[in-house]
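Enquirer: Here's a sequence, model it:
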Amino acid sequence: MTDRGIAMTESADSTSTTRERRIATAAAALARHADPGPTALGSLTDEQLVVLHGAGDPPALLTPWLDRSAGSDAERELLLSSAARGQLASGGVAPERTLASVEGREPVGDPDDLLPAALPAGIVGRRVYSRRRVTLTDLDDPARGAVQAFADLDGSVMQEQISANGIHHFTMSTADSAARVQALWILGDPELDGEPDGEAAPEVHSGTFEELLADSDLGAILASPVQRVQILVEDRAEGERRILWVVHDGGSPVALQPSDPTSEDPSLQRSVLDAVRVGRDGLRAQLSEFLSAG
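Expert: Here you go, the predicted structure:
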């Protein structure tokens, strides 16, 4: 183990079991901060999160600043080593030998392994072990960053708002609270509702994106979008993935999803889609459903 990160493995040896137990316990402890919420947990940089996750590829970790700044593997290692030193100095991580001494026990595994303090461990645990992950990305404006949410069976959600500069802001909340934040990120101005007229269920329009551009109801919205956001929902327990796109022109949001939910590699431009006009309340309800892992 080098000083660049925490060794998190899936093996069944005693070292990984102890480490993963610590991280899972810390993640569970964050649930009490969800309701009432939202509760800010703090912020971490791209490099700090990579260090905390350790060796291997962290699951679905978005690192926009690190990806742009590290021109080579050597530069990346230098940035991560610097982040590890900073975490060590600030108490974000500590060697196993130090933790064992403080806790009055013998070191388990490599005494030089870096392990996270309680709060960073909880954040890593939520990212690694939460049942459902929801990722929002802007298809046209990378400068907006992204939003990820990690939902658990206890109804709590850890939300991660990622800036283009690689700063990750973490909060704990309920699914409904997280859905409100996501709806605001997608639609912006709270006055933008775009609710379909009348109380009847909105009409579903089907076709490729090109065909929908000719639709009398949706064509004008899809042809001149202000924003196009992709929502990727991954249920890791069931191994299922869902994808939804929200397109709006500043006044009328349209939600689109593949007509065949089992299709591989769905695409906004190539797949046959089901499209419907939605309002803020309808979108928020759908997001809340996505975030309900129970």
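
Enquirer: So which residues of this protein form strands?
Expert: 39-45, 93-95, 114-116, 132-138, 146-151, 156-162, 167-174, 205-207, 227-235, 240-248, 253-258, 273-277 (DSSP state E).

Enquirer: what's the angle from the fifth one to strand 167-174?
Expert: To tie it back to what came earlier, the one meant is strand 146-151. Counting by axes from the mean of the first three to the mean of the last three Cα atoms, to 10 degrees, strand 146-151 lies at 40 degrees to strand 167-174.

Enquirer: Taking strand 156-162 as reference, get the angle to strand 146-151.
Expert: Using the same axes, to 10 degrees: strand 146-151 against strand 156-162 is 170 degrees.

Enquirer: Pipe the strands of the chain into JSON lines and attach mean neighbour count, distance to Ala293 and mean pLDDT per row.
Expert: Heads up, the C-betas are built off the backbone N, CA and C, glycines and all. Shown next, in JSON lines, are these (neighbours: other Cβ atoms under 10 Å; distance: least, Cβ to Cβ, whole Å; pLDDT from 0 to 100):
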{"stretch": "strand 39-45", "mean neighbour count": "16", "distance to Ala293": "19", "mean pLDDT": "95"}
{"stretch": "strand 93-95", "mean neighbour count": "21", "distance to Ala293": "29", "mean pLDDT": "85"}
{"stretch": "strand 114-116", "mean neighbour count": "25", "distance to Ala293": "24", "mean pLDDT": "82"}
{"stretch": "strand 132-138", "mean neighbour count": "21", "distance to Ala293": "4", "mean pLDDT": "96"}
{"stretch": "strand 146-151", "mean neighbour count": "24", "distance to Ala293": "4", "mean pLDDT": "96"}
{"stretch": "strand 156-162", "mean neighbour count": "25", "distance to Ala293": "8", "mean pLDDT": "97"}
{"stretch": "strand 167-174", "mean neighbour count": "21", "distance to Ala293": "12", "mean pLDDT": "97"}
{"stretch": "strand 205-207", "mean neighbour count": "16", "distance to Ala293": "29", "mean pLDDT": "96"}
{"stretch": "strand 227-235", "mean neighbour count": "19", "distance to Ala293": "8", "mean pLDDT": "95"}
{"stretch": "strand 240-248", "mean neighbour count": "19", "distance to Ala293": "12", "mean pLDDT": "94"}
{"stretch": "strand 253-258", "mean neighbour count": "22", "distance to Ala293": "20", "mean pLDDT": "95"}
{"stretch": "strand 273-277", "mean neighbour count": "21", "distance to Ala293": "24", "mean pLDDT": "95"}
